[in-house]
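[1] quick one: sequence and predicted model below, then my questions.
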Amino acid sequence: MKFLIALIFLVTCASARRMPYHCSNTNGYTSNFEATAFNTLDPNSNYPPMSFFEAGNTTTDFVGQRTFTTYVLVVEGQEPSFGSIWEFGQTNEGYILDNGVCVKVSLDYPVPSALPLGDLIGTTKIGQFPVQIFNAALVSYNTNQTYLYDPLSCSLVSSTIRNSDLTNPGFTVMNFYNFENSFTESWFDLPSECSSQSVISLPNFVAPKHTNILKKFF
């Protein structure tokens, strides 16, 4: 379950639309993030609702089809979990390093080639900071998602995921910090735990398909 939670916030394969022209040529992004969830459903499975806090760093290479996320995950009644996830779209392989144990998995979804903003539906302000509101492309039967986006700096500001079932309310709010429109190459290097004979290979296990942000997140 903790692997699933961490995977929820990586970015899915979706093309950004109505994006300002000067924002359309970025090769990836790097960001810190924090996510707080209450009774939130997994976007594409029947797992029970989850409540948790997650924080970490993430980077995505749109051209090379690579993503990386490192996280700390806090769930009530459990010890904090520390881990990292690498995804390589060109080989359809993923590595999950959690509390010192590395697992190799298969991917059945592509790494994103652009920010998955979806449709522009309006504008608002965070305090006095103007942002655009995007409605994410529908990739989930359990949840809906919106983004707040800064078109001047071409950066994600925040994302909100809501349970589609109004009789079972649940929410996840994710904020992005120090957003940069380039990927961090060194973060894609696998640690020794994932490149040695100690790695656990699960070729028949397919990592859950992500929702739009982070983990898709990212």
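    Received it, and whenever you're ready, just let me know what you need.

[2] was I right about G64 contacting T91?
    No: contact criterion CB atoms under 8 Å: G64 and T91 do not qualify, at 11.3 Å. Bear in mind the C-beta positions are built from the backbone N, C-alpha and C, glycine included.

[3] so L115 makes contact with S159?
    No: using CB under 8 Å, L115 is not in contact with S159, being 10.8 Å away.

[4] hang on, the earlier thing: who has more neighbours, G64 and T91?
    G64 (16 against 10; other CB atoms under 10 Å).

[5] in a strand, that's where that one is, yeah?
    No: G64 is assigned coil when assessed by DSSP: H, G, I helix; E, B strand; the rest coil, not a strand.

[6] just the pLDDT at it, thanks.
    Among the per-residue scores, G64 shows a pLDDT of 94.

[7] helix/strand/coil for the closest residue to it other than its chain neighbours?
    Among residues not flanking G64 along the chain, Q90 sits closest, at 7.3 Å (CB to CB, 6 or more residues apart in numbering). Using three-state DSSP, the structure places Q90 in coil.

[8] could you check how far Q90 is from I96?
    According to CB to CB, to the nearest Å, Q90 stands 18 Å off from I96.

[9] for P112, phi and psi?
    phi -60, psi 150 (degrees, to the nearest 10).

[10] for it, grab the count of nearby residues.
    27.

[11] pLDDT score for D98?
    On the pLDDT scale, D98 is placed at 86.

[12] and the pLDDT for the closest residue to N163 other than its chain neighbours?
    Spatial nearest neighbour of N163, excluding adjacent residues (CB to CB, 6+ apart): G170 at 4.0 Å. What the model reports for G170 is a pLDDT of 94.

[13] any idea how far M50 is from G170?
    G170 is 8 Å from M50, where distance means CB to CB.

[14] what does E93 give?
    For E93, the distance to M50 - CB to CB - is 26 Å.

[15] more neighbours, the two?
    Higher neighbour count among E93 and M50: M50, with 19 against 16, using other CB under 10 Å.

[16] many thanks, we can stop here.
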